[in-house]
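Asker: have a look at this fold, sequence not included:
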DNA sequence: TGAAGTTTAA
């Protein structure tokens, strides 16, 4: 078992929110306005880069730039909108306190339990849910809190909380701990459900432990979860999505005697073959499907079309579209989205836009994903104005923009160096109560690294934290590598440290790059630190 | 997150 995987090293304050939350408040006001220094980066000699070349920490006491932009008012900015009620205020205060403790560095979940014992935080389902969401990328913190909460008098974890925790442990490959939790859920009685086992199977397969995923399916009736068609389909889908369609077929052949397949079982397999570009097998499965009395549906054909689109074989894709129409199984928005998107990606912009007319001719209503794809294509083609006007069209046709809409626009703006427009989009999201996700920030973070806008970067990370979004593995990798490549090895190093502390294992190339750049910059002590981290990360991996 | 589609990214 791998409990004490974290080591105590000095905490890089890259994401340190304690005191932290309050530091965040200076950046992230309730209404979220762009700071003055962002709008006028060069004013008063202030640049995006700003200060803090090596000390890349959140401002704790005061930030003159921020104060200036708010008229130097001494009133501290509030962290969040006024709490709706007294209970809400108490909840938020407790949440901040728990969050503060969890953000300190602990060697093990047990150490967190001890630390938490000294604090008077009130536990509730809501609290556990929010903590697990915020610390979903820090399994030691999440699990420590979870254990502590479970031991509080008068409180029992809900099945949902258990499931979230199972998922987090699985995400970090803490499979022993994960199974321990499942046993606990089973002992309490009736808490293990298909939802739980779905997470288990997906995380195991995601870690390339396909046979363990199949074993998990096989033994799930021991926990009172029925091995029915729905459950089998989850297993098949998991194996297909996690790069093992052959194992999916194997499992299917073994199970079909005891579990009756349905239309989705076959569609799942067809899709699996298509994703693996094994078209003969896909066609064979379609035949088999018909022998079982299931006619191939829009879903089946759409999978085929997608595979041909990925191959850029648009001729065949068009031929299948016609075949579908003639067979009385007309394509739908999803089918068209796939074709349009692939055309756009291939640079065939006009042909892609023609699909829009086809959709209307076929009388099928565009949905948000379809529009999002259209926006993506326009953005890629540099037609940002047009892309923005699609959003207006969406709203006018009763299809509200989604996170992906904004993310696509932000990404397009960043790609065309329109940083301010991208940032304004964040404001628009806030205005429209559209919750950002990690994909919202990635292009912005990358742009900041490229431009060496350390201050904006810090601002964004703060903003993310307030939204309960923490960098994932690829975001950390992006931050580390792009900062390194752009002459900010010291800051890059801090993110690398943070990344390891959160339980992520950076790739060897990432370490090598940082060491190389630190060396070139004569930052020897930082280099030594990174070399130590490399060893520790390797130890964690075992 | 999951029987098909959109946004990040090396």
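Answerer: Yep, it's here. Quantities reported herein were computed from a predicted structural model and do not represent experimental measurements. Residues are numbered from 1 along each chain as shown, chains lettered A, B, ... in the order given.
Asker: only C-alpha atoms from now on, for both contacts and neighbour counts.
Answerer: Will do.
Asker: can you count the residues close to the residue nearest to residue A:307 when sequence neighbours are not counted?
Answerer: Leaving aside its sequence neighbours, residue A:307 sits nearest to residue A:274 (C-alpha to C-alpha, 6 or more residues apart in numbering; 5.3 Å). Here the number of neighbours of residue A:274 (other C-alpha atoms under 10 Å) works out to 25.
Asker: same deal with residue A:190?
Answerer: Residue A:190 is flanked by 12 other residues according to other C-alpha under 10 Å.
Asker: is it true that it touches residue A:224?
Answerer: Yes - with contact defined as C-alpha atoms under 8 Å, residue A:190 counts as touching residue A:224 (7.3 Å).
Asker: contacting residues for the residue nearest to residue A:211 when sequence neighbours are not counted?
Answerer: Once flanking residues are discounted, residue A:211 sits nearest to residue A:205: 8.0 Å by C-alpha to C-alpha, 6+ apart. Going by C-alpha atoms under 8 Å, 6 or more residues apart in numbering, residue A:205 touches A:211-213, A:238-239, A:242.
Asker: residue A:349 too?
Answerer: Here residue A:349 is in contact with A:343, A:377-378, A:381 (criterion: C-alpha under 8 Å, 6+ apart).
Asker: between these, which is nearest DNA strand B?
Answerer: residue A:377 (8.4 Å; C-alpha to the nearest atom of the strand).
Asker: which ones are touching that closest one?
Answerer: By C-alpha under 8 Å, 6+ apart, the residues touching residue A:377 are A:341, A:344-345, A:349.
Asker: pLDDT score for residue A:418?
Answerer: What the model reports as pLDDT for residue A:418 is 93.
Asker: same check on residue A:413?
Answerer: With respect to pLDDT, residue A:413 scores 96.
Asker: who's in contact with the nearest residue to it once chain neighbours are set aside?
Answerer: Nearest residue to residue A:413, sequence neighbours excluded (C-alpha to C-alpha, 6+ apart): residue A:422, at 5.4 Å. Residue A:422 sits next to A:409-411, A:413-414, A:444 when contact means C-alpha under 8 Å, 6+ apart.
Asker: nearest to DNA strand B, of those?
Answerer: Using C-alpha to the nearest atom of the strand, residue A:411 comes nearest to DNA strand B of the contacts of residue A:422, at 5.2 Å.
Asker: out of the contacts of residue A:422, which end up buried?
Answerer: A:409-411, A:413-414, A:444 (16 or more other C-alpha atoms under 10 Å).
Asker: which parts of chain A belong to which domain?
Answerer: A:1-81+A:439-542, A:83-155, A:157-261 (automatic domain parsing).
Asker: output those in JSON lines; the columns should cover distance to residue A:397 and mean pLDDT.
Answerer: Shown next, in JSON lines, are the domains of chain A (distance: least, C-alpha to C-alpha, whole Å; pLDDT from 0 to 100):
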{"stretch": "domain A:1-81+A:439-542", "distance to residue A:397": "24", "mean pLDDT": "66"}
{"stretch": "domain A:83-155", "distance to residue A:397": "34", "mean pLDDT": "91"}
{"stretch": "domain A:157-261", "distance to residue A:397": "34", "mean pLDDT": "96"}
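Asker: of the ones you listed, which approaches residue A:364 most closely?
Answerer: domain A:157-261 (28.1 Å; C-alpha to C-alpha).
Asker: do you know how far residue A:475 is from residue A:442?
Answerer: 7 Å (C-alpha to C-alpha, to the nearest Å).
Asker: per-residue pLDDT, the residue nearest to residue A:413?
Answerer: Here the pLDDT value assigned to residue A:422 is 94.
Asker: mind checking which helix or strand it is in?
Answerer: Counting by DSSP states H and E, the element that carries residue A:422 is helix A:419-431.
Asker: next up, the contacts around the spatially most central residue of chain A.
Answerer: Nearest to the geometric centre of chain A sits residue A:438, at 5.4 Å (C-alpha atoms, centre = their mean). By C-alpha under 8 Å, 6+ apart, residue A:438 lies in contact with A:469-471.
Asker: which of these fall within strands?
Answerer: Judged by DSSP state E, strands contain none of these.
Asker: could I have the PyMOL command that selects the buried members from these?
Answerer: In PyMOL syntax, the buried subset of the contacts of residue A:438 is picked out as below (16+ other C-alpha under 10 Å):
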select buried, chain A and resi 469+470+471
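Asker: just to revisit the earlier point, list, out of the contacts of residue A:205, those positioned next to DNA strand B.
Answerer: Residues of those in contact with DNA strand B (C-alpha under 7 Å from any atom of the strand): A:238, A:242.
Asker: can you tell me which of the contacts of residue A:205 are in helices?
Answerer: Among those, the members found in helices (DSSP state H) are A:211-213, A:238-239.
Asker: now list the buried members of those.
Answerer: Buried by 16+ other C-alpha under 10 Å: A:213, A:238-239, out of the ones in helices among the contacts of residue A:205.
Asker: any chance of those residues in CSV, with distance to residue A:260 too?
Answerer: Converted to CSV, those look like this (distance: C-alpha to C-alpha, whole Å):
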residue, distance to residue A:260
A:213, 20
A:238, 18
A:239, 18
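Asker: does DNA strand B sit close to the strand or helix carrying residue A:509?
Answerer: In the assignment (DSSP H and E), residue A:509 maps to helix A:508-520. No - interface with DNA strand B: helix A:508-520 contributes nothing (C-alpha under 7 Å from any atom of the strand), its closest point being 10.2 Å away.
Asker: buried stuff in that helix?
Answerer: Neighbour-count burial for helix A:508-520 flags A:510-511, A:513-515, A:517-519 (criterion: 16+ other C-alpha under 10 Å).
Asker: swap in stretch A:302-313?
Answerer: The neighbour-count check on stretch A:302-313 (16+ other C-alpha under 10 Å) flags A:302-310, A:312 as buried.
Asker: related to what we said a few turns ago, would JSON lines of the contacts of residue A:377 with distance to residue A:526 and pLDDT be doable?
Answerer: Output for those, formatted as JSON lines (distance: C-alpha to C-alpha, whole Å; pLDDT from 0 to 100):
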{"residue": "A:341", "distance to residue A:526": "45", "pLDDT": "96"}
{"residue": "A:344", "distance to residue A:526": "45", "pLDDT": "95"}
{"residue": "A:345", "distance to residue A:526": "42", "pLDDT": "93"}
{"residue": "A:349", "distance to residue A:526": "48", "pLDDT": "94"}
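Asker: how about the residues you listed, which pair is most distant?
Answerer: That would be A:341 and A:349, which, of these, are the farthest apart (C-alpha to C-alpha) at 9.3 Å.
Asker: which one of the contacts of residue A:205 is nearest residue A:196?
Answerer: residue A:213 (12.7 Å).
Asker: residues in contact with that closest one?
Answerer: Residue A:213 touches A:200-202, A:204-205, A:235, counting by C-alpha under 8 Å, 6+ apart.
Asker: let's see 10 Å
Answerer: Residue A:213 is in contact with A:197-198, A:200-207, A:235, A:238-239, counting by C-alpha atoms under 10 Å, 6 or more residues apart in numbering.
Asker: ok, it to DNA strand B distance?
Answerer: Distance of residue A:213 to DNA strand B, given as C-alpha to the nearest atom of the strand, to the nearest Å: 13 Å.
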